[in-house]
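S.K.: got a sequence here, can you build the structure:
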Amino acid sequence: MKIQEKDGDIVDIYSIYWINNKTLFLGFPKGYGGLRAYDLATVTVIDPSLTGEFIFYEDAIYHWALIKEKLLDDIVERDENAYSRFLEILKKEGLIEPDFY
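M.R.: Model prediction:
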């Protein structure tokens, strides 16, 4: 899934969840160092397809590695090790370009 921010940046989405009747996403923007939350009301969905293996966990949908590798909390907190591991997995799966930092 891909969204476009108001500034035009395109971001890949690796989680969808719902809080207080809002649809929220966790995206992996270049240069951010972790996952960032996005509100559906403030972005444009440009590709609604989820690519890769996703799982349902605690009322949300996540890329499998965030749960099975226990990366979610650390990567949201922008932990460098969790970021590097998730980046390695995404590159191996071909979900992001090899030059994505």
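S.K.: which residues sit against the longest helix belonging to the chain?
M.R.: As assigned by DSSP state H, the longest helix anywhere in the chain is helix 80-92. If you take CB atoms under 8 Å, 6 or more residues apart in numbering as the criterion, helix 80-92 is touched by 28, 33-34, 65-66, 69, 71, 74-75, 96, 98, 100-101. From N, CA and C alone the C-beta is placed, and that goes for glycine too.
S.K.: ok, L87 to D7 distance?
M.R.: Separation of L87 from D7 (CB to CB, to the nearest Å): 23 Å.
S.K.: just the helices in the protein please.
M.R.: Using DSSP H, the helices of the chain run over 64-68, 72-76, 80-92.
S.K.: I'd like these as CSV, with mean pLDDT appended.
M.R.: Shown next, in CSV, are those (pLDDT from 0 to 100):
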stretch, mean pLDDT
helix 64-68, 97
helix 72-76, 94
helix 80-92, 94
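S.K.: may I ask you to name the longest strand in this protein?
M.R.: Longest strand in the chain, counting residues (DSSP state E): strand 10-19.
S.K.: and that one, what's its mean pLDDT?
M.R.: Averaging pLDDT along strand 10-19 gives 95.
S.K.: adjacent strands (with direction) for that strand?
M.R.: In the sheet, strand 10-19 lines up against strand 2-4 (antiparallel), strand 22-27 (antiparallel), strand 60-63 (antiparallel) (DSSP bridges).
S.K.: tell me the buried residues in that strand?
M.R.: 11-17 (16 or more other CB atoms under 10 Å).
S.K.: redo those as TSV? Include distance to E58.
M.R.: Putting these into TSV (distance: CB to CB, whole Å) gives the following:
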residue	distance to E58
V11	23
D12	22
I13	18
Y14	15
S15	11
I16	13
Y17	9
